[in-house]
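Undergrad: Take this sequence and fold it.
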Amino acid sequence: MGLFRYVAVTSWMHQLPLVALTVTVFLLEVVPLELQRRVVNDVVKTRQYSTVVLLCAIYVGAVLVQGGIKLGLNIYRAWVGERATRDLRRRICASIDATAVTSALAEDQGTAVSMIVAEVEPVGGFIGSSVSEPLMQIGVLATVVAYIIHLDVWMGAAALALFAPQFVFVPLMQHAMNRRTGARVWLLRQIGAGVIAGCHDHEARHSVDAVRIDRVFHLNMRIFQLKFTMNFLMNLCSHLQIIIALLIGGSLVLQGDLEIGGIIAFISGVGRLNDPWGDLVNYFREVSLTRVKFDLLTTAVRQFAGEPLAAGLSPTPYGARE
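TA: Sure thing, here's the model as predicted:
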């Protein structure tokens, strides 16, 4: 069973109301941007403070409504995720009971302990947000982009063009992280199996464990290097977008083709693009990592049940060989 098939089987009835809440949240995203623009323009044009107070009150109301719906959405997501985690733990325990894993199968025991205690947590947590999270971020991006283009087409096109490089370096760096994550999970299972098995030759076991622990350390450091480098490049693109907005927007304001409130709303809108874009990148990163972990879980359960691995499938992932 694939990851998203499992999502559909276990939580489709809850994904529908999550989608409805998500659509409501991202449709409200444009309201604060428009209110910011109107407040600034009204101060400059009419200088009526009562209008500013009214608009600010509406702003507070919109933020409270959106925040309240988002709070309910997040709690609901967490509940769906925990429900999936519980289901995975029950399935793993059932497969272990069915095969009567004995103390002689130390590697199986180490794998089972790692799966039940730690590995199901990120998979279950992902299931709660597997549909609503990308819908939320794509919806926010689409809503804000439409608003930015509404303010000025060319300024919006120039700022959005800076997203293009991220479609190149993000997938490449994410793929490299995924390979190392699979290797790390496999190595941690082997370490757990070695601890449970014990060995008369303690020096030999400690030597093997030391090599594996060092390998995990190097894998983790490489993952951190890739992750933080990707974040650095994404932040750089974010700041370049604001600079482009200031340069082009400032020129349009001086020429009388754009109001001051428009450029303020534009900069705020560009800032609001960065969070959903970063969250969307994190989501696809999480999809890749969770798929790796879910495949490892299902492979281990098949092994407990005595099913052969698929042809060409190696139980030792790339990068974990010693």
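
Undergrad: and His239, how many neighbours?
TA: 11 (other C-beta atoms under 10 Å). From N, CA and C alone the C-beta is placed, and that goes for glycine too.

Undergrad: what's the closest non-adjacent residue to Tyr76?
TA: Distances taken as C-beta to C-beta, 6 or more residues apart in numbering put Leu18 closest to Tyr76, at 6.1 Å, once the chain neighbours are dropped.

Undergrad: For the one you found, list the residues it contacts.
TA: Listed by C-beta atoms under 8 Å, 6 or more residues apart in numbering, the contact partners of Leu18 are 73, 76-77, 80, 131-132.

Undergrad: Of those residues, just say which sits nearest to Leu236.
TA: Ser132 (29.5 Å; C-beta to C-beta).

Undergrad: now the helices for the stretch 201-322 of the chain?
TA: 202-255, 260-304 (DSSP state H, counting those that start in this stretch).

Undergrad: Distance to Lys45 and mean pLDDT for those helices - can I get that in CSV?
TA: Shown next, in CSV, are the helices of the stretch 201-322 of the chain (distance: least, C-beta to C-beta, whole Å; pLDDT from 0 to 100):
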stretch, distance to Lys45, mean pLDDT
helix 202-255, 14, 80
helix 260-304, 9, 76
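
Undergrad: Quick one: closest of those to Val63.
TA: helix 260-304 (13.1 Å).

Undergrad: now the residue nearest the centre of the chain: how far from Val40?
TA: By C-alpha atoms, centre = their mean, the chain has its centre lying nearest to Tyr283, at 2.7 Å. As judged by C-beta to C-beta, to the nearest Å, Tyr283 and Val40 stand 34 Å apart.

Undergrad: Likewise for Gly182?
TA: On the measure of C-beta to C-beta, Gly182 and Val40 end up 51 Å apart.

Undergrad: Looking at these two, which is more packed in?
TA: More crowded of Gly182 and Val40, by other C-beta under 10 Å: Gly182, with 23 against 19.

Undergrad: That one is in contact with Leu296, isn't it?
TA: Yes - under the criterion of C-beta atoms under 8 Å, Gly182 makes contact with Leu296 at 7.0 Å.

Undergrad: Before I go, just wanted to say thanks for your time.
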